[in-house]
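Novice: Here is the input, now give the coordinates:
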Amino acid sequence: MEPDAVIRVDPDFAIGLLLEIAQERSLGQLLQKLVRRALERPETARIVIWLIDRGDRCATCVRRPECPDQTRCLHAVADGANLIAGPGQECDGIADCFARIPLNVGLVGRIAATGQQATLSDLDKEPGDLAALDWLQSEQIRGFNGVPIIYKDEVLGVLAAFSRANVSDESRRWGRVFADHIAGAIANARAFEEIERLKAELEQQNAYLREEVVQAKAFGDLVGQSGALGQVVSQIDLVAPTDASVLILGETGTGKELVAHEIHHRGRRKDRPLIRVNCASIPKELYESEFFGHAKGAFTGAVRDRVGRFETAEGGTLFLDEIGEVPLEVQSKLLRVVQEKRYERVGEDRTRRADVRIIAATNRDLKKEVAAGRFREDLYYRLNVFPIQVAPLRERKDDVPLLAKHFIQQSVRELCCPKPRLTRAGILRLQSYDWPGNIRELRNVIERAVILARGGVLEFDLPIRDPPPAARSDRPHADDGVTTEFLTEIELRQRERENLMVVLEKTGWKIKGADGAAELLGVKATTLLSRIKTMELKRPK
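Specialist: You can find the predicted model right below:
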């Protein structure tokens with residue numbers, strides 16, 4: 001390069017580059033394209049672009065002590081060079097001294113702080129502020145053009161070009177034009193990326209919410225009038241207005257998820273999302289990604305950034321169902337989020353704040369799990385701030401009729417079946433069963449019966465179980481020295497005849513249909529007619 005050479009800008013080249021910049025929607029591709037195209041000019045030795053970002057991302061930066069404002073600084077985001085030194089001599093010093101630059105420190109830092117362009121010439125004779133760059137001489141650097149990237153009066157970063165010729169006034173003006181167009185392109189690219197991020201987050205949230213709707217159908221609403229349910233509702237009313245962590249305990253199928261829904265919908269976060277995580281269905285190696293999300297390239301298969309459940313539930317409630325299934329090695333990271341409200345995505349060093357309310361549920365005895373070393377004691381106490389015990393259905397027999405009617409209506413609506421009839425005998429049969437599968441089993445039995453009834457009387461296919469030991473022990477035995485009462489065959493038939501007459505008189509001798517004698521007795525109409533004929537019963541005139 002001649003000693004008096006200056007940079008000349010080809011207008012066609014400049015206009016073409018500006019048009020290309022305007023077409024880019026990806027911030028990373030925009031910056032790399034700009035660097036690559038600028039280096040096509042032979043006099044350009046190096047291009048570096050910095051953008052202002054948070055200072056908490058560079059806590060280990062060697063220049064952090066010089067930084068007057070450690071909340072924000074310049075981060076190098078794109079860099080390229082046309083080298084003379086050859087392979088292995090690629091200006092290594094620039095990565096150390098230019099990777100992070102404090103605002104208002106050094107030439108580049110002052111450009112960002114003041115928003116003023118800076119141009120230097122004859123650096124081969126007087127390097128000035130750039131004397132620390134030992135590669136200036138080996139790369140024959142003579143000119144420097146540093147331009148602030150400004151969008152709507154806000155400095156976004158700095159574009160710097162090192163050249164082997166002095167910077168002309170024309171190049172200085174074109175630098176300003178490029179910086180302004182870059183600022184607009186960066187704003188547009190960030191807007192597109194934010195739209196894509198929100199779109200992905202919304203899709204993720206909708207998927208979670210669709211899952212919530214499907215799961216919630218298993219229990220309906222809070223239905224019942226038993227004392228056990230009333231106690232649960234009282235506890236919900238107490239804890240819902242607070243942000244306290246809740247641990248819901250109970251057997252499988254008792255409606256723990258419904259209790260979590262009620263806590264959320266009665267609290268101050270009701271207008272924000274309620275996100276459910278089924279901890280039992282997550283593969284062991286994906287717990288962290290599922291909870292906290294991951295950055296693109298964090299592991300094999302991570303082809304894009306993924307939003308975790310904590311981020312999706314931001315401002316709302318996170319329901320950790322089957323919390324007892326979380327592996328011990330993941331519990332420590334979960335404890336940090338519950339305790340400090342902070343987390344990092346997998347493969348990312350940025351610390352995020354989690355503004356979520358935690359509700360957990362389990363059918364395990366967590367005290368025994370803690371004693372056995374399978375559950376962290378500190379996490380247990382963090383979750384167990386307000387425990388709620390949900391009673392099994394066998395302890396809520398008074399709720400069975402209301403729940404049955406509720407599930408009948410729900411099944412008729414969802415299955416598009418004709419509405420069947422629920423008889424008193426059917427209710428007694430449901431109440432006499434101990435329901436080991438709780439409300440979930442009740443719903444399944446009701447749904448099957450509705451399908452089979454075809455609009456007629458509901459008949460429930462329930463297994464016959466032996467009475468509980470307490471019930472058997474109440475019966476008198478010969479060993480007790482008490483004579484057991486019994487009926488002879490004639491007495492038994494007479495009792496059956498009297499009972500049948502009571503039912504017939506009660507129904508006005510209506511045999512079939514709703515509230516007919518057959519329905520009240522829980523038998524088929526043909527069976528009842530056969531009994532009436534056998535007993536020679538006649539309707540009084």
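
Novice: okay, CA-based contacts and neighbour counts for the rest of this
Specialist: Fine.

Novice: Give me the pLDDT for L452.
Specialist: Looking at L452, its pLDDT is 90.

Novice: Now do it against N363, distance only.
Specialist: As judged by CA to CA, to the nearest Å, L452 and N363 stand 33 Å apart.

Novice: likewise G297?
Specialist: 37 Å.

Novice: neighbour-wise, which of these two wins?
Specialist: N363 (17 against 14; other CA atoms under 10 Å).

Novice: show me the contacts for that one.
Specialist: For N363, the contact set (CA atoms under 8 Å, 6 or more residues apart in numbering) comprises 249-252, 322.

Novice: same deal with D122?
Specialist: The contact partners of D122, by CA under 8 Å, 6+ apart, come to 142-143, 166.

Novice: Nearest to V259 among the residues you listed?
Specialist: Comparing the contacts of D122 against V259 with CA to CA picks out G143 as the nearest, at 69.5 Å.

Novice: Just the pLDDT for the closest one.
Specialist: 88.

Novice: And for it, the neighbour number?
Specialist: There are 26 residues near G143, going by other CA under 10 Å.

Novice: Quickly note the distance from it to A99.
Specialist: G143 sits 21 Å away from A99, going by CA to CA.

Novice: ok, now L500?
Specialist: From L500 to A99 the distance is 94 Å (CA to CA).

Novice: likewise L462?
Specialist: 72 Å.

Novice: Those two - which one has more neighbours?
Specialist: Using other CA under 10 Å, the more surrounded residue of L462 and A99 is A99, with 19 against 11.

Novice: Which residues are in contact with the more buried one?
Specialist: Residues near A99 by CA under 8 Å, 6+ apart: 75-76.

Novice: can you pull the pLDDT of it?
Specialist: Predicted confidence (pLDDT) for A99: 79.

Novice: phi, psi of it?
Specialist: Note on A99: backbone dihedrals following degrees, to the nearest 10 are phi -60, psi -40.

Novice: Then P418?
Specialist: Given degrees, to the nearest 10, the pair of backbone angles that P418 has is phi -70, psi 150.

Novice: Not counting sequence-adjacent ones, nearest residue to it?
Specialist: Using CA to CA, 6 or more residues apart in numbering and skipping residues adjacent in sequence, the residue nearest P418 is G455, 4.7 Å away.

Novice: hang on, the one you found in a helix?
Specialist: No. The assignment for G455 (DSSP: H, G, I helix; E, B strand; the rest coil) gives coil, which keeps it out of a helix.

Novice: in the stretch 1-150 of the chain, which ranges drop under the pLDDT threshold?
Specialist: Across the stretch 1-150 of the chain, residues meeting the criterion (pLDDT under 70) sit at 1-14, 16-18, 21-25, 56-70, 85-97.

Novice: likewise the chain?
Specialist: For the chain, the ranges with pLDDT under 70 are 1-14, 16-18, 21-25, 56-70, 85-97, 204-221, 464-486.

Novice: which ones are touching the residue nearest the centre of it?
Specialist: The centroid of the chain falls nearest to R309 when counting by CA atoms, centre = their mean (2.6 Å). Contacts of R309 were listed using CA under 8 Å, 6+ apart, and they are 275, 277, 290-293, 318.

Novice: could you measure it against E193, distance?
Specialist: Counting by CA to CA, the gap from R309 to E193 is 20 Å.

Novice: now R46
Specialist: 28 Å.

Novice: higher neighbour count, those two?
Specialist: R46 (22 against 15).

Novice: Leaving out sequence neighbours, find the closest residue to that one.
Specialist: A81 (4.2 Å).

Novice: Can you give me the neighbour number for that neighbour?
Specialist: 19.

Novice: and what of S281?
Specialist: Count around S281 with other CA under 10 Å applied: 12.

Novice: which SSE is the closest residue to R424 other than its chain neighbours in?
Specialist: In this structure, R424 finds its nearest non-sequential neighbour in L520, 6.1 Å apart by CA to CA, 6+ apart. Using DSSP states H and E, L520 sits in helix 517-521.

Novice: what helices or strands is that helix leaning on?
Specialist: helix 424-431, helix 489-506, helix 525-534 (3 or more CA pairs under 8 Å, 6 or more residues apart in numbering; DSSP states H and E).

Novice: Quick one: those helices as JSON lines, columns for mean neighbour count too.
Specialist: JSON lines is the format used below for these (neighbours: other CA atoms under 10 Å):
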{"stretch": "helix 424-431", "mean neighbour count": "17"}
{"stretch": "helix 489-506", "mean neighbour count": "14"}
{"stretch": "helix 525-534", "mean neighbour count": "14"}
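
Novice: Turn those helices into CSV, columns for distance to E40.
Specialist: What follows is those, written out as CSV (distance: least, CA to CA, whole Å):
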stretch, distance to E40
helix 424-431, 82
helix 489-506, 101
helix 525-534, 95
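
Novice: Which one of those helices lies nearest to L442?
Specialist: Comparing the helices and strands packed on helix 517-521 by CA to CA, helix 424-431 comes nearest, at 8.5 Å.

Novice: who's in contact with the closest one?
Specialist: 397, 400-401, 458-460, 519-522.

Novice: Buried only: go through those for me.
Specialist: 397, 400-401, 458-460, 519-522 (16 or more other CA atoms under 10 Å).

Novice: Looking at the residues you listed, which one is closest to V303?
Specialist: V400 (50.1 Å).

Novice: which residues does R421 bridge with?
Specialist: Legend: beta-bridge partners of R421 under DSSP bridges are V457.

Novice: Neighbours of it, how many?
Specialist: R421, neighbours per other CA under 10 Å, totals 21.

Novice: ok, it - contacts?
Specialist: By CA under 8 Å, 6+ apart, the neighbours of R421 are 455-458, 514.

Novice: Give me the three-state assignment for the nearest residue to G224 once chain neighbours are set aside.
Specialist: Spatially, and ignoring its direct neighbours in sequence, G224 is nearest to D399 (4.6 Å; CA to CA, 6+ apart). Of the three states, D399 takes helix under three-state DSSP.

Novice: Would you enumerate the residues in contact with D399?
Specialist: With CA under 8 Å, 6+ apart, D399 has these contacts: 223-226.

Novice: I'd like the distance between A78 and T119.
Specialist: Counting by CA to CA - A78 and T119 are separated by 20 Å.

Novice: Comparing the two, which residue is more hemmed in?
Specialist: Taking neighbours as other CA under 10 Å, A78 and T119 compare with A78 leading, 21 against 16.

Novice: Relative to G513, how far out is the residue nearest to G224?
Specialist: 26 Å.

Novice: With T362 instead?
Specialist: Distance from T362 to G513, by CA to CA: 45 Å.

Novice: next one: T254
Specialist: In terms of CA to CA, T254 sits 35 Å off from G513.

Novice: So those two - more neighbours on which side?
Specialist: T254 (22 against 13).

Novice: Is the more buried one in contact with R396, as I believe?
Specialist: No. When contacts are counted by CA atoms under 8 Å, T254 is not listed as touching R396 (10.5 Å).

Novice: which SSE is V450 in?
Specialist: Using DSSP H and E, V450 maps to helix 438-453.

Novice: Can you show me the CA trace of that helix as CSV?
Specialist: Only the C-alpha atoms of helix 438-453 are listed here, as CSV (Å, rounded to 0.1, in the frame of the first residue of the first chain):
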residue,chain,number,x,y,z
ASN,A,438,-60.3,-43.4,43.9
ILE,A,439,-62.0,-40.8,41.8
ARG,A,440,-60.2,-41.8,38.7
GLU,A,441,-61.6,-45.3,38.9
LEU,A,442,-65.1,-43.9,39.6
ARG,A,443,-65.0,-41.8,36.5
ASN,A,444,-63.9,-44.8,34.4
VAL,A,445,-66.7,-47.0,35.8
ILE,A,446,-69.3,-44.3,35.2
GLU,A,447,-68.1,-43.7,31.6
ARG,A,448,-68.3,-47.4,30.8
ALA,A,449,-71.7,-47.7,32.3
VAL,A,450,-73.0,-44.7,30.3
ILE,A,451,-71.8,-46.3,27.1
LEU,A,452,-73.5,-49.6,27.9
ALA,A,453,-76.7,-48.2,29.2
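
Novice: so how far is it off the chain centroid?
Specialist: Distance, stretch centre to chain centre, for helix 438-453: 31 Å (CA atoms, centre = their mean, to the nearest Å).
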